[in-house]
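[1] sequence-free structure coming up:
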């Protein structure tokens, strides 16, 4: 599934970030393929907020649609 379909509280493993620019930006935030993150909030018609360690990151829907994840 893609990140935009995540539900609040789900623990997710990032499987694939296809675009090189997006991947580079995600790495700057400490997120890469294989990382475990928690979906901390889903704002209707807005961003998906994920948490890794003590950091929260808001990802726009269009970006989230491109990131493949699996629920644990």
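    In hand now; what should we look at? What you are looking at is a predicted structure, and each value in this text was computed from that prediction instead of being measured.

[2] in the biggest helix by length in the chain, what counts as buried?
    Across the chain, the longest stretch assigned as helix under DSSP state H is helix 20-28. Neighbour-count burial for helix 20-28, counted by 16 or more other C-beta atoms under 10 Å, picks out residue 26. All C-beta atoms are positioned from the backbone trio N, CA, C, and that covers glycine.

[3] And for stretch 29-43?
    31, 35, 37-40, 42.

[4] pLDDT check: weakest of these?
    The member of the buried residues of stretch 29-43 with the lowest pLDDT is residue 31, at 87.

[5] Quick check: phi and psi at it.
    For residue 31, the backbone dihedrals (degrees, to the nearest 10) come out as phi -120, psi 130.

[6] these two touch, right, it and residue 37?
    Yes - contact criterion C-beta atoms under 8 Å: residue 31 and residue 37 qualify, at 6.7 Å.

[7] which residues are common contacts for those two?
    Shared contacts of residue 31 and residue 37 (C-beta atoms under 8 Å, 6 or more residues apart in numbering): 14, 50, 52.

[8] in what helix or strand does the second one lie?
    By that I understand residue 50. strand 48-52 (DSSP states H and E).

[9] Counting neighbours, which of the shared contacts of residue 31 and residue 37 comes out on top?
    residue 50 (26 neighbours; other C-beta atoms under 10 Å).

[10] Once you drop chain neighbours, what's closest to it?
    residue 37 (4.5 Å; C-beta to C-beta, 6 or more residues apart in numbering).
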